[in-house]
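Chemist: Sequence and predicted structure are below.
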Amino acid sequence: QKEVEQDPGPLSVPEGAIVSLNCTYSNSAFQYFMWYRQYSRKGPELLMYTYSSGNKEDGRFTAQVDKSSKYISLFIRDSQPSDSATYLCAMKAPGANNLFFGTGTRLTVIP
Amino acid sequence: DAGVTQSPTHLIKTRGQQVTLRCSPKSGHDTVSWYQQALGQGPQFIFQYYEEEERQRGNFPDRFSGHQFPNYSSELNVNALLLGDSALYLCASSRWRTSSSGEQYFGPGTRLTVT
């Protein structure tokens, strides 16, 4: 079993839709959770960062962490064509320096 | 403020050859991590360097080695290249003193093709 599972999609939504992206994980030691956006043939860009459980909002983006269910989500409101990219979840345990990534979900927002 | 830079952008090598990839971290960062991203997959951790020492290593063979220089820049070396080494190689930089948070900033990557 992979440490981090993420539905690879692809996911296509109309412009203005609310997008929900999710990851599950198996390692209960993970405490730090991140979402990265990666455009085609580019490096990942850090979008959201959350420590432990709870919600965090930044503009149109909301990250949620439910440690009891080992489940994290990223919501994108009022999605735009420029949001079309691959979204990667990543997580880390305290004391470790490496990030564990999901496989990424490819999102297309149709104008 | 320059972000993370990597060179070269693309590279084509033949099986059995050796390759060196380079990374300069973001200004103010002193820690460099390397990741391998195969097509359609998430990045996988190779190793991390701080104070010119390898601090942590992922599940990669000894053919993968690295170095960090006093100016914090880093190199990734891969010997005896295999077809399966074809991937996007990503460098990520961070600050060691805040490394527990896991915030890492990635460069654009070097796309390596092994034929």
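Modeler: Sure, I can see it. Being a predicted model, the structure only gives us computed values, none of them experimental. Numbers count the residues shown, from 1 in each chain, chains lettered A, B, ... in the order given.
Chemist: check contacts around the closest residue to chain A within chain B.
Modeler: Nearest residue of chain B to chain A, counting by C-beta to the nearest C-beta: B:Gly42, 3.2 Å away. Using the backbone N, CA and C atoms, a C-beta is placed for each residue, glycine as well. Contact analysis of B:Gly42 by C-beta atoms under 8 Å, 6 or more residues apart in numbering or on different chains lists A:Val4, A:Gln6, A:Leu88, A:Ala90, A:Phe101, A:Gly102, A:Thr103, A:Gly104.
Chemist: what sits against whichever residue of chain A sits closest to chain B?
Modeler: Chain B sits closest to A:Phe101 of chain A, with a gap of 3.2 Å, by C-beta to the nearest C-beta. Counting by C-beta under 8 Å, 6+ apart, A:Phe101 makes contact with A:Val4, A:Tyr36, A:Leu88, A:Cys89, A:Ala90, B:Gly42, B:Pro43, B:Gln44.
Chemist: go again using 7 Å as the cut-off
Modeler: By C-beta atoms under 7 Å, 6 or more residues apart in numbering or on different chains, the contact set of A:Phe101 is A:Val4, A:Leu88, A:Ala90, B:Gly42, B:Pro43.
Chemist: who wins for most neighbours among these?
Modeler: For those, counting by other C-beta atoms under 10 Å in any protein chain shown, the largest number of neighbours falls to B:Pro43: 30 neighbours.
Chemist: and the residue nearest to it when sequence neighbours are not counted, how many neighbours?
Modeler: Closest residue in space to B:Pro43, ignoring its immediate chain neighbours: B:Tyr35 at 3.7 Å, by C-beta to C-beta, 6 or more residues apart in numbering or on different chains. Per other C-beta under 10 Å, the neighbour tally for B:Tyr35 reads 27.
Chemist: Quick one: the strands in chain A, in order.
Modeler: Secondary structure of chain A, counting by DSSP state E: strands at A:4-6, A:11-14, A:19-25, A:32-38, A:45-51, A:54-58, A:61-66, A:71-76, A:85-92, A:100-101, A:105-110.
Chemist: In a markdown table: those strands, plus mean pLDDT.
Modeler: Formatted as a markdown table, these follow (pLDDT from 0 to 100):
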| stretch | mean pLDDT |
| --- | --- |
| strand A:4-6 | 95 |
| strand A:11-14 | 96 |
| strand A:19-25 | 97 |
| strand A:32-38 | 95 |
| strand A:45-51 | 91 |
| strand A:54-58 | 92 |
| strand A:61-66 | 96 |
| strand A:71-76 | 96 |
| strand A:85-92 | 96 |
| strand A:100-101 | 96 |
| strand A:105-110 | 96 |
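Chemist: what's the closest of those strands to B:Arg63?
Modeler: When those are compared by C-beta to C-beta, strand A:100-101 sits nearest B:Arg63, at 22.0 Å.
Chemist: any idea how far that closest one is from the chain center?
Modeler: 11 Å (C-alpha atoms, centre = their mean, to the nearest Å).
Chemist: Which residues of chain A lie near chain B?
Modeler: By the rule C-beta under 7 Å from any C-beta of the partner chain, the part of chain A lying against chain B is A:32, A:34, A:42-44, A:46, A:49, A:88, A:92, A:94, A:97-99, A:101-104.
Chemist: Filter these down to the buried ones.
Modeler: In the residues of chain A next to chain B, burial by neighbour count holds for A:32, A:34, A:43-44, A:46, A:49, A:88, A:92, A:97-99, A:101-104, counting by 16 or more other C-beta atoms under 10 Å in any protein chain shown.
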